[in-house]
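> What shape does this take:
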Amino acid sequence: MFHIPPKSQMFTNDSLFYQLKLQAQEKRANDLEKDVERLIAQLKDLTNLKKEHEDAMLVKFQELLNSKKQHIRELTRLVDVKGRQNSAIGLLYIAISTFLPSSL
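Numbers count the residues shown, from 1 in each chain. So this is what the prediction gives:
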C-alpha cells in the first residue's frame with residue numbers, strides 16, 4: 001500500500017525546502033550585491049584613469065600647439081625679413097640702374 005505522511009510532516013518538509021531555497025536566494029543576492037560594489041569601484045577607477053589620461057593628452061596637445069605657433073611666428077618673421085631684404089635689393093637695383101648708363 002501507499003503510505004501518506006501526516007500533514008504536519010508534509011509541512012515540515014515543505015518548510016525545510018523553502019528555507020533552503022530562501023537561503024540560496026539570499027546568498028545569491030549577497031553575491032550579486034558584492035559584484036555590484038566591485039563593479040562600481042572598478043568604474044570609479046576607470047573613470048579616474050580616463051580623466052587623468054585626458055588631462056595628460058590636453059597638456060601634450062597644448063605644448064604641441066604652442067610649439068607650432070612659435071614655429072609659425074619664426075617663419076613669419078623670416079618671411080618679413082626676407083621680404084624687406086628683397087625690397088631693399090630691388091630698390092637698390094632700381095636706384096643703380098637709374099643712375100648708371102645703359103651701356104654698361
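> what's the burial count for Ile96?
Taking other C-beta atoms under 10 Å as the criterion, the count of residues near Ile96 is 9. (C-beta placed from N, C-alpha, C; glycine too.)
> Secondary structure element holding it?
Assigned by DSSP states H and E, Ile96 belongs to helix 7-99.
> mean confidence score for that helix?
For helix 7-99, the mean pLDDT works out to 88.
> Report the distance from that helix to the chain centre.
The chain centroid and the centroid of helix 7-99 are separated by 2 Å, computed with C-alpha atoms, centre = their mean, to the nearest Å.
> At the geometric centre of this protein, which residue sits there?
By C-alpha atoms, centre = their mean, the chain has its centre lying nearest to Glu54, at 4.3 Å.
> any idea how far it lies from Gln25?
Between Glu54 and Gln25 the computed distance is 42 Å (C-beta to C-beta, to the nearest Å).
> Leu92 too?
For Leu92, the distance to Gln25 equals 98 Å [C-beta to C-beta].
> what does Gln19 give?
Following C-beta to C-beta, the distance that separates Gln19 from Gln25 is 11 Å.
> and if you look at Lys82?
From Lys82 over to Gln25 the distance is 83 Å, taken as C-beta to C-beta.
> before we move on, what about Thr76?
Relative to Gln25, and taking C-beta to C-beta, Thr76 is found at 74 Å.
> Asp80 now?
If you measure Asp80 against Gln25 using C-beta to C-beta, the figure is 81 Å.
> What of Leu64?
When C-beta to C-beta is applied, the distance between Leu64 and Gln25 equals 57 Å.
> just Lys50 next, same as before
In this structure, Lys50 lies at 36 Å from Gln25, with C-beta to C-beta as the measure.
> Run through the residues that contact Met57.
For Met57, the contact set (C-beta atoms under 8 Å, 6 or more residues apart in numbering) is empty.
> And for the one 4 residues further on?
With contact set as C-beta under 8 Å, 6+ apart, Phe61 has no partners.
> So what's the residue count around Leu39?
Applying the criterion other C-beta under 10 Å, we find 10 residues in the vicinity of Leu39.
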